[in-house]
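[1] Show me how the following folds:
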Amino acid sequence: MSKKVALIAVGYELIGLEVFAALLKARGHEVRLFYDPGLFDDHFYVETKHLGKLFSQSRKIAQKVVDYRPDVVGMTVFTETFDWARQMIEWIKPHAGARFILGGAHATLEPSACLELSRADAVCVGEGWRSFVDFVESDDPNAKIDNIYTRKDDGPMLPEAMLLEDLDSLPFADKTIFENDYVIADNFSVITSLGCPYRCNFCINNYLHKIHRGLGKILRRRSVNHVMAELAEGKKRYDFRFVSFVDDTLFLDKEWSLNLLEQYAGQIGEPFYCLAHVRNIDWPLIDALKAAGCARLEFGVQTFHEPSRKHFFGLDESTGKVIKALKMCRDADLPVCVDYIVGIPGADRDSYEEAISAFARYKVQRVACFWLHYFPKIAITDIALEKGYITRQEYDEVLSGRLPSYHMNRFVKDKKQVRYLKSVVLRCKLLAAIGNENSPLLRSPLLIAFYGYLPLVATSAIEFAVSLYQRNYLLKGYLANYRLQLKKFFWR
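    The predicted structure is shown next:
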């Protein structure tokens, strides 16, 4: 029997939900997305509480779900969005007879806590491409479905289904569910693989390797022809002007990567963004990226503090390898964005200053700065609890989703250190416009002290101004989505 399925998302387009929608529609079910734009408080990158509360549409979205009268409500939750998801269920469930299921990173990391702290009926642990469809189609609350757990289940909640190896068997992401709420033409997102071979201590993949042991190959990749067919179909429907490849790291298979870039250059040719790992960056790849129209290559630097890199984050590549990759990209005039983490226990000021110098010297276009956060079940969280970097009470708050955005400090207690780290973040935003690593704007002790007292909005304003100056494609798409949502808010 056909079911009505409500999918709820906040803040950003989610390719996983789009694939689920395609799978369900292929089985004859009715699917509708309910999108909470999270204006000025999207629980990921933007967190302005007063404006967020003023522009909040969460209650209105919840009422729309109630009015839809779905049979099943599905939500993808991250640790930062779990509290939002919990509140949405509280508003909807008393007025709807639907079954609620949570999936995504937080549901996989802490399924028991998700069920205990929310009124969800079930969680999906790990990948659930077929399991979610089975859950929707089952009318038996006691049915045993791989990777799906309910309050009646005892014991460990771990994935049981084999990992899907043939990704070409999945349908293309159904972007029609987002097209009324998202300007897809300005940024067409696509994913070419699932899984990551690396086990960085700060990343969810560290935990996924453990729970998927024995369930098949971790890294799986679509064929180049399958990816190109999706891009061609998307180009025909949306006439997109920019593409984001959102894989954890795109270039693990050199032959596959060069083939993709060659076909992309010949068939699509639009500027694009992608993520790579520094160990995979070499001249053949850089030449292919340039030829295909790469507008921004992003890779993780994380820290220049070598002991933290090796022993805390569990990274194999040295700072020297990072420097080599940065130099190669600068020499090729390939725009680079780096991920950089502040607030690492033990990282000294020399390492932060070294990073600022390197980013300026090698013309990094953008430094995406993140305050270190500790997520459930991740290796660095276990280390932090053992060494007393975080308390058990703080960990319990993380479980409940009470965690600020990556751009806000949560765990550094020393106020003087917080001010210094705030100056590091602000200078990382400035350096793309300054370029000179010895500029007083980056090195003056008085200015460094002054920067530490500035509010987060100042850092955001600087990054916004620099991105405008650079004519950043991703910012263009971001602003287009905000214009759309603000227009809908004021003229609804």
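[2] any idea how far Ser56 is from His106?
    For Ser56, the distance to His106 equals 21 Å [Cβ to Cβ, to the nearest Å]. Just so you know, the C-beta spots here come from the backbone N, C-alpha and C atoms, and that holds for glycine as well.
[3] So between these two, which is more surrounded?
    Between Ser56 and His106, counted using other Cβ atoms under 10 Å, His106 has the larger neighbour count: 26 against 16.
[4] Now do the strand or helix carrying Val425: everything it contacts.
    In the assignment (DSSP states H and E), Val425 maps to helix 415-434. The contact list for helix 415-434, computed with Cβ atoms under 8 Å, 6 or more residues apart in numbering, reads 340, 342-343, 349, 352, 355-356, 359-360, 364-367, 369, 371, 407, 409, 412, 437, 441-442, 448-449, 451-454, 458-459, 462-463, 465-466, 469-470.
[5] which residues touch stretch 221-234?
    167-168, 172-173, 175, 184, 188, 190, 192-193, 240, 243, 252-253, 256, 259-260, 263-264, 267-268.
[6] Tell me the buried residues within these.
    Neighbour counting by 16 or more other Cβ atoms under 10 Å classes 167, 172-173, 175, 184, 188, 190, 192-193, 240, 243, 252, 256, 259-260, 263-264, 268 among those as buried.
[7] Specify the beta-bridge partners of Arg220.
    Leu194 (DSSP bridges).
[8] Correction: the previous question concerned Val336.
    Leu297.
[9] ok, it touching Gly300?
    No. Val336 lies out of contact with Gly300 (Cβ atoms under 8 Å); the separation is 11.7 Å.
[10] got the CA positions of the helix holding Val425 in PDB?
    Extracted C-alpha coordinates of helix 415-434, given in PDB (Å, rounded to 0.1, in the frame of the first residue of the first chain):
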ATOM      1  CA  LYS A 415      39.700  33.300  28.700                       C
ATOM      2  CA  LYS A 416      43.200  34.600  27.700                       C
ATOM      3  CA  GLN A 417      43.600  31.600  25.400                       C
ATOM      4  CA  VAL A 418      40.100  32.100  24.000                       C
ATOM      5  CA  ARG A 419      41.000  35.700  23.100                       C
ATOM      6  CA  TYR A 420      44.200  34.600  21.400                       C
ATOM      7  CA  LEU A 421      42.400  31.900  19.400                       C
ATOM      8  CA  LYS A 422      39.800  34.400  18.300                       C
ATOM      9  CA  SER A 423      42.600  36.500  17.000                       C
ATOM     10  CA  VAL A 424      44.000  33.500  15.100                       C
ATOM     11  CA  VAL A 425      40.600  32.900  13.500                       C
ATOM     12  CA  LEU A 426      40.100  36.600  12.500                       C
ATOM     13  CA  ARG A 427      43.600  36.800  11.000                       C
ATOM     14  CA  CYS A 428      43.000  33.600   9.000                       C
ATOM     15  CA  LYS A 429      40.100  35.400   7.500                       C
ATOM     16  CA  LEU A 430      42.100  38.600   6.800                       C
ATOM     17  CA  LEU A 431      45.100  37.000   5.200                       C
ATOM     18  CA  ALA A 432      43.400  36.100   1.900                       C
ATOM     19  CA  ALA A 433      43.000  39.800   1.300                       C
ATOM     20  CA  ILE A 434      46.400  40.900   2.700                       C
END
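[11] So for that helix, what gets flagged as buried?
    So for helix 415-434, counting by 16+ other Cβ under 10 Å, buried means 418-432.
[12] residue contacts, Lys254?
    280, 284-285.
[13] Could you check the pLDDT of it?
    Confidence at Lys254, expressed as pLDDT, is 92.
[14] separation between it and Arg279?
    12 Å.
[15] what about Arg69, how many residues close to it?
    By other Cβ under 10 Å, neighbour count at Arg69 equals 12.
[16] For the stretch 351-492 of the chain, which segments count as helices?
    Listed in chain order, the helices of the stretch 351-492 of the chain (DSSP state H, counting those that start in this stretch) span 379-387, 392-399, 415-434, 440-443, 445-451, 456-470, 473-490.
[17] C-alpha coordinates for the last one, PDB please?
    These are the backbone C-alpha positions of helix 473-490, laid out as PDB (Å, rounded to 0.1, in the frame of the first residue of the first chain):
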ATOM      1  CA  TYR A 473      31.000  31.000  -6.300                       C
ATOM      2  CA  LEU A 474      29.900  29.200  -3.100                       C
ATOM      3  CA  LEU A 475      29.000  32.500  -1.500                       C
ATOM      4  CA  LYS A 476      27.000  33.400  -4.500                       C
ATOM      5  CA  GLY A 477      24.900  30.300  -4.100                       C
ATOM      6  CA  TYR A 478      24.600  30.800  -0.300                       C
ATOM      7  CA  LEU A 479      23.300  34.400  -0.800                       C
ATOM      8  CA  ALA A 480      20.900  33.300  -3.500                       C
ATOM      9  CA  ASN A 481      19.400  30.800  -1.000                       C
ATOM     10  CA  TYR A 482      19.100  33.500   1.700                       C
ATOM     11  CA  ARG A 483      17.400  35.900  -0.800                       C
ATOM     12  CA  LEU A 484      14.900  33.200  -1.600                       C
ATOM     13  CA  GLN A 485      14.100  32.400   2.000                       C
ATOM     14  CA  LEU A 486      13.900  36.000   3.100                       C
ATOM     15  CA  LYS A 487      11.600  36.700   0.300                       C
ATOM     16  CA  LYS A 488       9.400  33.800   1.300                       C
ATOM     17  CA  PHE A 489       9.500  35.000   4.900                       C
ATOM     18  CA  PHE A 490       8.400  38.600   4.300                       C
END
